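In: whatever this is, show me its structure:
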Amino acid sequence: MPRLRSDFWVSAHLRRLAVEGISAVQRRRGAAEAGAIFVKVDRLDGRADLYGPAPQALFEDEDTGGRRFVAMVWEGTPLDAEERLTKEIRFDSDLWIIEIDDREGRHLLDLAE
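Out: The predicted structure follows:
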């Protein structure tokens, strides 16, 4: 099954977050069709999480066409997450960033195991 375009996925995920009452914004627009998507979660208490695309090898046997994520920064500081995002942008300037403000750390992402 083909993967959903990045712009459609981001738009749908932002709506899903809004329906759940989770405050989120699109902070950076990337390549519409296939830009990598990163999600920063600010827990509003000095901690932040950053999620990025999971390597295909972690779930290649599951051909669902969906997107999976892995934690890149877990309960670090917002500065830790920003430093990692800066590195990712240097590597790939066509990436997307969604930023979530949620004390509980909710993100509604499908995480790779």
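In: name the helix or strand for Glu104, please.
Out: Under DSSP states H and E, no helix or strand contains Glu104.
In: my read is that Leu109 contacts Lys40, right?
Out: No - between Leu109 and Lys40 there is no contact under C-beta atoms under 8 Å: 11.7 Å. Quick note: C-beta positions are derived from backbone N, CA and C, even for glycine.
In: more neighbours, those two?
Out: Between Leu109 and Lys40, counted using other C-beta atoms under 10 Å, Lys40 has the larger neighbour count: 24 against 19.
In: so that one makes contact with Asp102?
Out: No - with contact defined as C-beta under 8 Å, Lys40 does not count as touching Asp102 (10.9 Å).
In: ok, back up a step: what touches both of Leu109 and Lys40?
Out: With contacts taken as C-beta atoms under 8 Å, 6 or more residues apart in numbering, the residues that reach both Leu109 and Lys40 are Tyr51.
In: burial of Ala36, as a residue count?
Out: Per other C-beta under 10 Å, the neighbour tally for Ala36 reads 17.
In: would you mind measuring from it to Leu14?
Out: Distance, Ala36 to Leu14, by C-beta to C-beta, to the nearest Å: 17 Å.
In: remind me, longest strand of this structure?
Out: strand 69-76 (DSSP state E).
In: list the contacts of it.
Out: 37-39, 43, 47-55, 58, 80-81, 84, 109-112.
In: go on, stretch 25-34?
Out: Taking C-beta under 8 Å, 6+ apart as the rule, stretch 25-34 contacts 3, 5-7, 10, 14, 36-37, 40, 89, 94-99.
In: mind running it again at 10 Å?
Out: Contacts with stretch 25-34, where a contact means C-beta atoms under 10 Å, 6 or more residues apart in numbering, come from 3, 5-8, 10-11, 13-14, 17, 35-40, 85, 89, 92-101.
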